[in-house]
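# fold the following and give me the result.
(one chain, ligands or ions: 1)
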Amino acid sequence: MTAPDRRERYAAALYTTLEVSPFHTPWEHLGPLRRAVWYARAEAAMAIADSEQAMVRTERDDARRLVNELACPTCKGSGLDPDDEGDWDGGVGRHNPNTIGPCPTCMGDRTRQGSAR
Ligand SMILES: [Zn+2]
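Numbers count the residues shown, from 1 in each chain. I've put the predicted structure just below:
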């Protein structure tokens, strides 16, 4: 979605919050001057949404960093043996990922400390 599309959607959505009266002009028929007022309101709402999204991204990145710090270096947190492809299944001609054994370092615990904790 391009920036003008987004602003248009926000402005139209905000405009729908107006009480409907017999004099209510549909958004599609609104003139440029009246639209400009709603675009300004839309931009204010978008600025709040953007700052909230940035906060969520920061929290998500912090959580990912923490998970990576705690993760077992051998299996990188998957808990699975990276050298095990799984049992060969001739029926479908491929390895079965559901039969991959536990990581030899953490024994499937997924953290650096492993099962010794
Ligand atoms: Zn591991």
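# and this structure, which of its residues are near the ion?
Applying CB under 5 Å from the ion, we find that the chain lies next to the ion at 72, 74-75, 103, 105-106. Yep, even glycine has a C-beta here, placed from its N, CA and C like the rest.
# and if we set it to 8 Å?
71-80, 102-111, 114 (CB under 8 Å from the ion).
# make a PyMOL selection of the buried ones in those residues.
Here is the PyMOL command that selects the buried residues among the residues of the chain next to the ion (16 or more other CB atoms under 10 Å):
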select buried, resi 71+72+74+75+77+79+80+102+103+105+106+108+109+110+114
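# which residue ranges of the protein form helices?
3-15, 32-70 (DSSP state H).
# got the domain ranges for the protein?
Listed by automatic domain parsing, the domain ranges of the chain are 1-70, 72-117.
# which one of the helices of the chain is the most hemmed in?
Mean neighbour count (mean count of other CB atoms under 10 Å) peaks for helix 3-15 among the helices of the chain, with a mean of 15.
# just for this protein, where's the confidence low?
113-117 (pLDDT under 70).
# one more time with 90
1-4, 16-25, 64-71, 76-78, 109-117 (pLDDT under 90).
# could the helices of the chain be laid out in JSON lines, adding distance to residue 94?
Compiled in JSON lines, the helices of the chain are given as follows (distance: least, CB to CB, whole Å):
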{"stretch": "helix 3-15", "distance to residue 94": "43"}
{"stretch": "helix 32-70", "distance to residue 94": "29"}
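# and residue 26, which of these is closest to it?
Comparing these against residue 26 with CB to CB, the closest turns out to be helix 3-15 (9.2 Å).
# what residues does that closest one touch?
Residues outside helix 3-15 that contact it (CB atoms under 8 Å, 6 or more residues apart in numbering): 1, 27, 30, 35, 38-39, 41-43, 45-46.
# repeat for stretch 93-110
71-75, 77-82, 84-89, 112-115, 117.
# which of these fall in strands?
Per DSSP state E, strands hold the following members of those: 88-89.
# for the residue in the chain sticking out farthest from the centre, grab phi and psi.
Distance from the centre of the chain peaks at residue 22, with 42.2 Å (CA atoms, centre = their mean). With angles defined as degrees, to the nearest 10, residue 22 sits at phi -60, psi -20.
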